[in-house]
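Participant: Just need the structure, nothing else, for what follows:
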Amino acid sequence: MIKFTQQEQQCFVSGRLTQVEVKQLWPKRQELFTASTQVIDLAALEYVDSAGVALLLALVKLTHPGTEDKSPYRQLVNPSEQLMKMIELYDLDAFFGQN
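Facilitator: A predicted model of the protein is given here:
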């Protein structure tokens, strides 16, 4: 099960993010965090497949209605060791911070 926990300008993601979860989350992706979220912390994310990586990249640039001109891109931080392997494989270093 995947969980998104908002704390001020950070959103903490925990659990597993696979194709099954992505299919369920995609229609409500704008509700996963607030428009003020600047950092998506992935430290507690146990497992991510390629569909999960695609969702994370979509969340980085996701804008909320009425904030299109004001929403900065979000930063993904604290990727797990398993996710780091995928980041390296797909050459996605620019999207993920090490915080």
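Participant: Would you mind putting the CA coordinates of the one helix or strand residue 42 maps to into CSV?
Facilitator: Assigned by DSSP states H and E, residue 42 falls within strand 39-48. Written as CSV, here are the backbone C-alpha positions of strand 39-48 (Å, rounded to 0.1, in the frame of the first residue of the first chain):
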residue,chain,number,x,y,z
VAL,A,39,9.7,18.4,-1.8
ILE,A,40,8.6,14.8,-2.3
ASP,A,41,10.6,12.7,0.2
LEU,A,42,11.0,9.1,-0.9
ALA,A,43,13.0,7.7,2.0
ALA,A,44,10.2,5.4,3.2
LEU,A,45,9.4,4.1,-0.3
GLU,A,46,10.1,0.4,-0.1
TYR,A,47,9.8,-0.5,-3.8
VAL,A,48,9.2,1.2,-7.1
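Participant: What residues sit buried inside that strand?
Facilitator: 39, 40, 41, 42, 45, 48 (16 or more other Cβ atoms under 10 Å). C-betas here are computed from N, CA, C, even on glycine.
Participant: ok now do the second one, which residues does it touch?
Facilitator: Which is residue 40. 10, 11, 13, 33, 56, 59, 60, 74, 75, 76, 77 (Cβ atoms under 8 Å, 6 or more residues apart in numbering).
Participant: Start from the N-terminal end of this protein and give the helices.
Facilitator: Secondary structure of the chain (DSSP state H): helices at 19-25, 50-61, 81-90.
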